[in-house]
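Colleague: here is my input, please return the structure:
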Amino acid sequence: MGGWEGGIRVPGILRWPGVLPADALIKEPTSLMDIYPTVVHLAGGRLPQDRVIDGRNLMPLLQGSAQHSEHEFMFHYCGVYLHAVQWHQKDSGAVWKAHYITPVFQPEGAGTCYGRGICPCIGEGVTHHDPPLLFDLSRDPSEVKPLTPGTEPLFDTVIRRIESALQEHRRTLTPVPHQLSGHNNMWKPWLQPCCGIFPFCWCDKESGNPHPAL
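Modeller: A predicted model of the protein is given here:
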């Protein structure tokens, strides 16, 4: 899906009786990256100070002491390639999304890449947009009506602000080994805890001993 909302806008359900209010509905942008700083906060830990942490502690939002997410910009990647940027404009409530790269759906209009099995992140199977495709998600959450300078007076202003945030974001990035490579995604039996006799690595959760059936 690349940066399209169909692959990003998914519900999250949390339950913690006595801590989180029941039946609360939060429509603010959050990310799986927020889990790490939230867990560190709950454990009484301290986030590393030698790097930029993109996630945010969710507890104020979940408990109702904060009404808005700390995320102003969300950067949506396909693998290591940035496809889209979302800007949650706090003063107006508008949510803008700029797409720099989009996958070529197969067949056209299908909403995914049936012909390939999985949408590519780069190469011949994607389209580059200059200027980027711009949507106002607060009015068009399905992203079916791309805006233009002729239909949106704020088009150039929004694109410039997103471009500025994108450049600032890229300055915080540090090259690291590619964790999504084929080698790193290959099953490595020697890294798997094994209580039984390989390949029957099934352990009893209570005792840590091999399962009786083995």
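Colleague: quick one: the helices in this protein?
Modeller: For the chain, the helices defined by DSSP state H occupy 35-42, 59-63, 155-171, 182-185.
Colleague: to Y114, which of those helices lies closest?
Modeller: Closest to Y114 of those is helix 182-185 (C-beta to C-beta; 22.8 Å). From N, CA and C alone the C-beta is placed, and that goes for glycine too.
Colleague: what packs against the biggest strand by length in the chain?
Modeller: For the chain, the longest strand by residue count, based on DSSP state E, is strand 126-136. Under the contact criterion of 3 or more C-beta pairs under 8 Å, 6 or more residues apart in numbering; DSSP states H and E, strand 126-136 touches strand 95-103, helix 155-171.
Colleague: rerun at 6 Å
Modeller: strand 95-103 (3 or more C-beta pairs under 6 Å, 6 or more residues apart in numbering; DSSP states H and E).
Colleague: between the strand it packs on and helix 155-171, how big is the angle?
Modeller: Per axes from the mean of the first three to the mean of the last three C-alpha atoms, to 10 degrees, the angle that strand 95-103 makes with helix 155-171 is 70 degrees.
Colleague: mean confidence for strand 95-103?
Modeller: Averaging pLDDT along strand 95-103 yields 96.
Colleague: report the buried residues of it.
Modeller: 95-103 (16 or more other C-beta atoms under 10 Å).
Colleague: what's the answer for stretch 163-173, then?
Modeller: Neighbour-count burial for stretch 163-173, counted by 16+ other C-beta under 10 Å, picks out L166.
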